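K.L.:
could you work out the structure for the sequence below:
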Amino acid sequence: MGRQPCCDKVGLKRGPWTIEEDHKLMNFIINNGIHCWRMVPKLAGLLRCGKSCRLRWINYLRPDLKRGAFTEAEENQLIQLHSRLGNR
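P.N.:
Numbers count the residues shown, from 1 in each chain. Sure, this is the predicted structure:
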């Protein structure tokens, strides 16, 4: 019972992503959008599972992902909120 596994896990690639895989995933999502993560690897021509593609997109490839250090304003806001809310 329950949900079926997202993939057979047989023949799927594991380990670090290559630049080519990143480009395939980015191009597919930018051109087609995201409707079902379970179908993305098959439609994009990747030998990865849907969960792996979703995590790669969310954590590394999204165009709106902010990288780098906090700005001065962000740091001040964090300090202000921490002084008001404390450790929770």
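K.L.:
mind jotting down where the helices sit in this structure?
P.N.:
Remark: helices assigned in the chain by DSSP state H are 19-32, 40-44, 50-56, 72-85.
K.L.:
CSV for those helices, including distance to D64 and mean neighbour count?
P.N.:
All C-beta spots, glycine's among them, are computed from the backbone N, C-alpha and C. Listed next are the helices of the chain as CSV, based on distance: least, Cβ to Cβ, whole Å; neighbours: other Cβ atoms under 10 Å:
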stretch, distance to D64, mean neighbour count
helix 19-32, 12, 14
helix 40-44, 19, 18
helix 50-56, 15, 18
helix 72-85, 16, 10
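K.L.:
okay, the ones you listed in CSV with mean pLDDT next?
P.N.:
Listed next are the helices of the chain as CSV, based on pLDDT from 0 to 100:
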stretch, mean pLDDT
helix 19-32, 97
helix 40-44, 94
helix 50-56, 96
helix 72-85, 96
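K.L.:
of all the ones you listed, which one comes closest to P63?
P.N.:
helix 19-32 (8.0 Å; Cβ to Cβ).
K.L.:
next one: L78 from R54, what distance?
P.N.:
Using Cβ to Cβ, to the nearest Å, one obtains 28 Å as the distance from L78 to R54.
K.L.:
still on that earlier bit, need the helices of the chain in a markdown table (columns: distance to L12).
P.N.:
Output for the helices of the chain, formatted as a markdown table (distance: least, Cβ to Cβ, whole Å):
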| stretch | distance to L12 |
| --- | --- |
| helix 19-32 | 12 |
| helix 40-44 | 8 |
| helix 50-56 | 8 |
| helix 72-85 | 38 |
